[in-house]
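Q: Turn this into a model:
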Amino acid sequence: MSNSQKAAIDFWYEFDDFFLFRSPIDIRVAIGKLNPYGRLLDLFYHYQRKGEIKTGFKAEFENIKESIKLLADNNLRIIDQHFKGNIELEQNAYELFAQGLLFDNALGDNGLPRRPEGDKIHMMDSGIAGYIVWHAFIRITTLLEVSGNSERWLQIDRHLALAAAILSALIKSGKQPVQSDDPSHNKPIEPDLLNELRRHWLQLSFEELDDKIVQLQENVISRHI
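A: All right, here's what the predicted structure looks like:
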């Protein structure tokens, strides 16, 4: 295992552990108020269609700014703690995550496996929608100006949008990553296609990402109707 792959696995392990599996009470309460796959996602879709992300979408969350700040500050804390400003390493973690190439067979502090059988691969289990939720969270964080600076968040947003584009390309080519106890089951994206996606997605603005990340999901869905 390469150092970059280990860094990615350790990052996603802590990220999931903190926000999903062993969340502190205040984090669980904040997530409940935001309701990422309900209120946040639904309102993002609604205002994205109306072209009112900067107005209507922002106004919907003014009353829970402190909860958003708490979640955003901890997002940045974990990301920066693991990558320490190494943007190439950070981008690589999102790319590998999108491809389902992060097989975690490490042991925890208790000597037991960190991930159970059948759930050892760090990947986006909720598909393209999961990336849209995260994009929506970054958008509301920057619109409310509660954490960090917009350029840093745009950097992160481009990485996760690139990951969404990689997943979309894999789905369309019949290579959608899946959970498996075989660490070699999921196959990497072709290097030329990956470079093409990088050139496109890593230079987009927030406003362009609003539309293009939704289009990714629409393209994947329409292909299966």
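Q: What about Pro188, how many residues nearby?
A: The tally of other residues near Pro188 (other CB atoms under 10 Å) stands at 15. C-beta: built from backbone N, CA, C; applies to glycine.
Q: Same check on the one 10 residues further on?
A: Arg198 is surrounded by 16 other residues when neighbours are defined as other CB under 10 Å.
Q: Tell me which residues touch it, please.
A: Arg198 is in contact with Leu162, counting by CB atoms under 8 Å, 6 or more residues apart in numbering.
Q: got the buried residues for the helix or strand hosting it?
A: Using DSSP states H and E, Arg198 maps to helix 191-201. Within helix 191-201, the residues that qualify as buried are Leu194, Leu197, Arg198, Trp201, counting by 16 or more other CB atoms under 10 Å.
Q: If I look at the last one, what pLDDT would I see?
A: We have a pLDDT of 98 for Trp201.
Q: which residues of this structure score low on pLDDT?
A: For the chain, the stretches flagged by pLDDT under 70 are 222-225.
Q: which helices and strands sit right next to the longest helix along it?
A: When the chain is parsed with DSSP state H, its longest helix is helix 150-172. Judged by 3 or more CB pairs under 8 Å, 6 or more residues apart in numbering; DSSP states H and E, the packing partners of helix 150-172 are helix 65-83, helix 87-99, helix 127-144, helix 191-201, helix 206-223.
Q: any idea of the angle the last one forms with helix 191-201?
A: Spelled out, it's helix 206-223. Angle, helix 206-223 to helix 191-201, by axes from the mean of the first three to the mean of the last three CA atoms, to 10 degrees: 130 degrees.
Q: got it, and the first one?
A: Per the same axes, to 10 degrees, the angle that helix 65-83 makes with helix 191-201 is 140 degrees.
Q: Give me the angle between helix 65-83 and helix 127-144.
A: Orientation note: helix 65-83 sits at an angle of 110 degrees relative to helix 127-144 (the same axes, to 10 degrees).
Q: same check, this time on the last one
A: Taking the same axes, to 10 degrees, helix 206-223 and helix 127-144 form an angle of 160 degrees between their directions.
Q: May I see the buried residues of helix 206-223?
A: Neighbour counts using 16+ other CB under 10 Å place Phe206, Leu209, Asp210, Lys212, Ile213, Val214, Leu216, Gln217, Val220 of helix 206-223 among the buried residues.
Q: Would you format the helices and strands packed on helix 150-172 as CSV with distance to Asp42 included?
A: Putting those into CSV (distance: least, CB to CB, whole Å) gives the following:
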stretch, distance to Asp42
helix 65-83, 16
helix 87-99, 24
helix 127-144, 10
helix 191-201, 25
helix 206-223, 13
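Q: can you tell me which of those comes nearest to Leu43?
A: Each of the helices and strands packed on helix 150-172 was scored for nearness to Leu43 using CB to CB, and the closest is helix 127-144 (8.0 Å).
Q: what's the distance between Leu202 and Ile25?
A: For Leu202, the distance to Ile25 (CB to CB, to the nearest Å) stands at 37 Å.
Q: which one of those two has more residues nearby?
A: Remark: of Leu202 and Ile25, Leu202 carries more neighbours, 13 against 7, as counted by other CB under 10 Å.
Q: my read: the more buried one touches Leu162, true?
A: Yes - using CB atoms under 8 Å, Leu202 is in contact with Leu162, at 6.2 Å.
Q: what angle sits between the helix holding Arg198 and helix 87-99?
A: Taking the same axes, to 10 degrees, one finds helix 191-201 and helix 87-99 inclined to each other by 110 degrees.
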